[in-house]
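Undergrad: sequence? don't have it. structure:
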Ligand SMILES: O=C([O-])CC(=O)C(=O)O
Ligand SMILES: [Mg+2]
């Protein structure tokens, strides 16, 4: 490939649209639970939109130096409708990686949202528009536009590896990353968990939730009850 650190990869495989769409309505904890509780981003990467958000899309990855957004601007031009632009800005909180103008442009291009391992700015403007952004926080300090950086290489975002084409799901809890090769299996298992949780909640109200497992675990671990 060559030119490590300053390169753009335009073509990569995305998961089937049917599989991507399947994650709509599946809560992020149910997806993380079927991946060994891994692949959920660090809790610092949070939605900065109004509560009630749920997004699903295909990862379009960007790696930048802290405080620089040249390659993010290029990514908006290249990403396809339905992609989520995921930015590894090294978790550095020095300068915002994007702001509301870049959100309006991405929205018009049909991009599903941004996930940024770093800060953003124009928080009020973004919160008032219907465009999902997940980030580590905000700062008025603006980005530089010098590069270098990479588009569509494997990055780290919120302590999770993200490859181009992986499926991202984000909601008020945070963001999970589903490897594209495993996506249909993870989807089937996450659906099962979601149905199981719905039936547990119903059984609570029917006064039928079997709690025997709690004492079984305590006994197995050697816990003593003193009366
Ligand atoms: O200056 C920038 O590149 C980021 C920004 O504030 C915006 O997009 O509104
Ligand atoms: Mg701005």
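TA: Now that the structure is in, tell me what you want to look at. What you are looking at is a predicted structure, and each value in this text was computed from that prediction instead of being measured. Ligands and ions are numbered 1, 2, ... in the order given.
Undergrad: hey, let's count contacts and neighbours off CA atoms from now on
TA: Will do.
Undergrad: and stretch 71-90, end to end?
TA: The straight-line separation of the ends of stretch 71-90 (Cα to Cα, to the nearest Å) is 14 Å.
Undergrad: same question for stretch 48-55.
TA: Start-to-end, stretch 48-55 (Cα to Cα) is 13 Å.
Undergrad: show me the shaky parts of the protein.
TA: Within the chain, the stretches with pLDDT under 70 are 1.
Undergrad: which single residue of it ends up nearest ligand 1?
TA: residue 99 (3.3 Å; Cα to the nearest ligand atom).
Undergrad: distance of the residue nearest the centre of the chain from residue 84?
TA: Compute the mean C-alpha point of the chain, and by Cα atoms, centre = their mean the closest residue is residue 175, 3.1 Å away. Using Cα to Cα, residue 175 is found at 11 Å from residue 84.
Undergrad: anything in contact with each of the two?
TA: residue 168 (Cα atoms under 8 Å, 6 or more residues apart in numbering).
Undergrad: before we move on, the earlier item: got a list of what the residue lying closest to the residue of the chain closest to ligand 1 once chain neighbours are set aside touches?
TA: Nearest non-adjacent residue to residue 99, counting by Cα to Cα, 6 or more residues apart in numbering: residue 121, 4.8 Å away. Residue 121 makes contact with 96-100, 138-142, according to Cα under 8 Å, 6+ apart.
Undergrad: could you rerun that using 10 Å?
TA: 95-100, 135, 137-143 (Cα atoms under 10 Å, 6 or more residues apart in numbering).
Undergrad: do residue 190 as well
TA: So residue 190 contacts 23, 26-35, 184, 196 (Cα under 10 Å, 6+ apart).
Undergrad: and the longest strand along the chain, anywhere near ligand 1?
TA: Longest strand in the chain by number of residues, with DSSP state E as the criterion: strand 54-64. No - residues of strand 54-64 are not located near ligand 1 by Cα under 6 Å from any ligand atom, the shortest gap being 13.1 Å.
Undergrad: quick one: buried residues of stretch 143-156?
TA: Buried residues in stretch 143-156, counted by 16 or more other Cα atoms under 10 Å: 143, 147-156.
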